[in-house]
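# sequence? don't have it. structure:
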């Protein structure tokens with residue numbers, strides 16, 4: 001299943017202006033968008049997820065058009081079918097682990113019951129070894145437990161692709177290595193496309209089956225497509 005992205009977005013904040021103007025296509029199972037801070041990586045991921053509306057362009061996933069400014073198509077985030085992991089995990093501080101995971105299954109903004117017993121929630125609690133802390137709130141968890149809770153919430157709806165925003169940046173170096181191993185095993189098991197943004201070379205080396213480098217809001221021709229681990233590289237398609 002391929003991502004086909006072409007977008008233009010002008011962002012103004014505090015008297016400054018940033019222009020995102022890029023195009024790329026990837027059919028790899030693991031794609032990494034990388035580059036320095038301020039390159040537009042998070043804005044790009046948000047546009048793909050439906051959390052940011054481009055001024056112009058077209059975004060497709062496989063045969064499904066998610067956004068097309070000319071055709072006036074703009075599917076809401078919930079209808080795009082992606083699991084999204086925020087950089088800071090965005091866990092609800094007043095909800096316990098079980099509720100945070102189950103929140104994605106709810107319609108509207110009603111909090112799940114504290115002892116919600118959905119089968120899908122129980123499954124991901126078990127997969128990520130969170131059952132023993134299911135009743136705890138985010139501030140009572142370790143960094144790795146918070147990340148696994150956020151990942152479980154992103155996966156509970158059985159998404160067709162996983163979008164990750166700097167998934168390891170909030171962890172200490174030793175824990176990053178362990179969580180990279182866990183994520184790789186998970187991706188091998190669930191076998192869905194992953195799109196990750198990062199500025200960490202270690203993430204790029206591990207998950208960059210297909211690489212898209214951004215600089216100042218544009219795809220850079222400096223991108224290097226080198227296989228990660230056992231995966232073979234795919235050709236970088238950038239305009």
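Thanks, I have it. Computed from a predicted structure; not experimentally measured. Residues are numbered from 1 along each chain as shown.

# So the residue nearest to residue 59 when sequence neighbours are not counted versus residue 39, what's the distance?
Spatial nearest neighbour of residue 59, chain neighbours left out: residue 67 (4.2 Å); criterion: CB to CB, 6 or more residues apart in numbering. (Glycine included, C-beta is placed from N, CA and C.) Distance, residue 67 to residue 39, by CB to CB, to the nearest Å: 21 Å.

# again, but for residue 188
Note on residue 188: its distance to residue 39, by CB to CB, is 29 Å.

# more crowded one of these two?
residue 39 (23 against 9; other CB atoms under 10 Å).

# looking at it, the more buried one is touching residue 217, isn't it?
Yes: using CB atoms under 8 Å, residue 39 is in contact with residue 217, at 6.9 Å.

# Looking only at residue counts, what's the top helix in this structure?
helix 173-190 (DSSP state H).

# Buried ones in it, by neighbour count?
Residues of helix 173-190 classed as buried by neighbour count (16 or more other CB atoms under 10 Å): 176, 179, 180, 182, 183, 184, 186, 187.

# Can you tell me which helices and strands that helix packs against?
Other elements packing on helix 173-190 under the criterion 3 or more CB pairs under 8 Å, 6 or more residues apart in numbering; DSSP states H and E are helix 143-155, helix 201-207.

# closest one to residue 168 among those helices?
Shortest distance between residue 168 and the helices and strands packed on helix 173-190, using CB to CB, is found for helix 201-207: 6.5 Å.

# Does anything pack onto that closest one? Which helices or strands?
With contacts defined as 3+ CB pairs under 8 Å, 6+ apart, helix 201-207 has these neighbours: strand 30-34, helix 173-190, strand 194-198.

# Could I get the ones you listed in a markdown table, plus columns for mean pLDDT and distance to residue 10?
Listed next are the helices and strands packed on helix 201-207 as a markdown table, based on pLDDT from 0 to 100; distance: least, CB to CB, whole Å:
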| stretch | mean pLDDT | distance to residue 10 |
| --- | --- | --- |
| strand 30-34 | 95 | 20 |
| helix 173-190 | 87 | 34 |
| strand 194-198 | 95 | 20 |
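
# got these as TSV, with distance to residue 77 columns?
Listed next are the helices and strands packed on helix 201-207 as TSV, based on distance: least, CB to CB, whole Å:
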stretch	distance to residue 77
strand 30-34	18
helix 173-190	20
strand 194-198	14
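
# which stretches of the chain have low pLDDT?
Applying pLDDT under 70 to the chain flags residues 106-117, 222-239.

# What ranges does it have for its strands?
3-13, 16-26, 30-34, 56-61, 64-68, 73-74, 82-85, 161-165, 194-198, 210-215, 218-219, 237-238 (DSSP state E).

# Run me through the strand neighbours of the fourth one, direction for each.
Looking at strand 56-61 with DSSP bridges, its partner strands are strand 3-13 (antiparallel), strand 64-68 (antiparallel).

# quick one, which of the ones you listed is nearest to residue 157?
strand 64-68 (16.4 Å).

# shouldn't the residue nearest to residue 59 be in contact with residue 61?
No: taking contacts as CB under 8 Å, residue 67 lies outside contact range of residue 61: 10.2 Å.

# Which one of those two is surrounded by more residues?
Comparing residue 67 with residue 61 by other CB under 10 Å, the one with more neighbours is residue 67, at 24 against 21.
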